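S.K.: Make a model of this:
(chains A and B)
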Amino acid sequence: AQTVTQSQPEMSVQEAETVTLSCTYDTSESDYYLFWYKQPPSRQMILVIRQEAYKQQNATENRFSVNFQKAAKSFSLKISDSQLGDAAMYFCAYSGGSNYKLTFGKGTLLTVNP
Amino acid sequence: DSGVTQTPKHLITATGQRVTLRCSPRSGDLSVYWYQQSLDQGLQFLIQYYNGEERAKGNILERFSAQQFPDLHSELNLSSLELGDSALYFCASSVGANRNEQFFGPGTRLTVL
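M.R.: Reported below is the predicted structural model:
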C-alpha cells in the first residue's frame, strides 16, 4: 500500500523568508501524481501545486515550487517570500496506480511570524 | 471558492441516528470523491463515483453508503451513528475518473453526541 510521510508536524517561518516542507512517499507504481494541499483555519482544502511523476521538471506556481526526487521518493514544497496568509496546515498527497484516490500525509502546520 | 458545494455546513445529531450529506460537483466534473478528516485517522478516502457508477472504495464502513444521481450530485448516507463518526466530511470533484486535480468542497462538520 502506498504511504505518505510528513516528518515535520510543525514549522515556522518569518514573513518574507523561505521555508521548505518535507514529504516522502512509498510506492511500487511508476506512474503517479503528487500534490500539495493547503488547509487554512477555514478548513477549506486548497490545491497548491501538482507534479506528474513522468515529468523531470519541478513544478512551480508563483511563490510555490517543489523539489521532486523520484529515486529518493521525496517531494518537498518550497514557499518563497512567505506571507501571513500562507499560515495553514499543508498536506502532501499521492495518487497512483489503478486507484485514483488521494492518499494524504498527516500534515505540517506552518506558522508565519510577522 | 472551488465550485464544489456541500450541505449542510454543520450537523449535530445523536448516536444511533442516520444523516445524509449532500455534494454538488463543479460544473462539468463527472467524478465525485468522499473523504473523512478526523483527529485520530487524518484524511481518509471513503468512496469515488464516476458518472453515476461506483469507481473505487476505500475505508468506508458498512454503515455508510453513497450514491451519485443523474444530475451528478452525490449523497453520503451515514447510519447507526457512533461517537467516533464525528469528523469533517469532504466531497471533492474532478473532470475525469483518472488523476486529474481534485477540487474540494468546504466540508460538512458532523458532531455525534
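
S.K.: From the centre of chain B, give me the residue that's furthest out.
M.R.: Relative to the C-alpha centroid of chain B, counting by C-alpha atoms, centre = their mean, B:L113 is the outermost residue, at 20.3 Å.

S.K.: what about it, distance to B:Q36?
M.R.: Relative to B:Q36, B:L113 is positioned 18 Å away (C-beta to C-beta, to the nearest Å). All C-beta spots, glycine's among them, are computed from the backbone N, C-alpha and C.

S.K.: Can you pull out the residues in contact with the worst-scoring helix or strand of chain A on mean pLDDT?
M.R.: Across the helices and strands of chain A, the lowest-confidence element by mean pLDDT, DSSP states H and E is strand A:99-104, at a mean of 86. Counting by C-beta atoms under 8 Å, 6 or more residues apart in numbering or on different chains, strand A:99-104 makes contact with A:2-4, A:35, A:37, A:91-95, B:31, B:33, B:35, B:42-45, B:48, B:55-56, B:58, B:92, B:94, B:97-99, B:102, all of which sit outside it.

S.K.: among these, which are in strands?
M.R.: The strands, defined by DSSP state E, take in A:3-4, A:35, A:37, A:91-95, B:31, B:33, B:35, B:42-45, B:48, B:55-56, B:92, B:94 from these.

S.K.: Contact residues of chain B facing chain A?
M.R.: Applying C-beta under 8 Å from any C-beta of the partner chain, we find that chain B lies next to chain A at B:2, B:31, B:33, B:35, B:42-45, B:48, B:55-56, B:58, B:88, B:90, B:92, B:94, B:97-99, B:101-104, B:106-107, B:109.

S.K.: State the three-state secondary structure for the residue nearest to A:Q69 when sequence neighbours are not counted.
M.R.: The spatially closest residue to A:Q69, leaving aside those adjacent along the chain, is A:F75, at 7.6 Å (C-beta to C-beta, 6 or more residues apart in numbering or on different chains). The three-state label for A:F75, taken from DSSP: H, G, I helix; E, B strand; the rest coil, comes out as strand.

S.K.: Quickly note the distance from A:F75 to chain B.
M.R.: A:F75 sits at a distance of 15 Å from chain B (criterion: C-beta to the nearest C-beta, to the nearest Å).

S.K.: Chain neighbours aside, what residue packs nearest to the residue nearest the centre of chain A?
M.R.: The residue lying closest to the centre of chain A (C-alpha atoms, centre = their mean) is A:W36, at 3.4 Å. Nearest residue to A:W36 in three dimensions, chain neighbours excluded: A:V48, at 4.4 Å (C-beta to C-beta, 6+ apart).

S.K.: OK, contacts around the one you found?
M.R.: By C-beta under 8 Å, 6+ apart, the neighbours of A:V48 are A:F35, A:W36, A:Y37, A:K38, A:E61, A:F64, A:L77, A:Y90.

S.K.: Could you list which residues are in contact with the closest residue to A:T24 other than its chain neighbours?
M.R.: Excluding its sequence neighbours, the residue lying closest to A:T24 (C-beta to C-beta, 6+ apart) is A:T5, at 4.9 Å. Applying C-beta under 8 Å, 6+ apart, we find A:T5 in contact with A:C23, A:T24, A:Y25, A:D26, A:G105.
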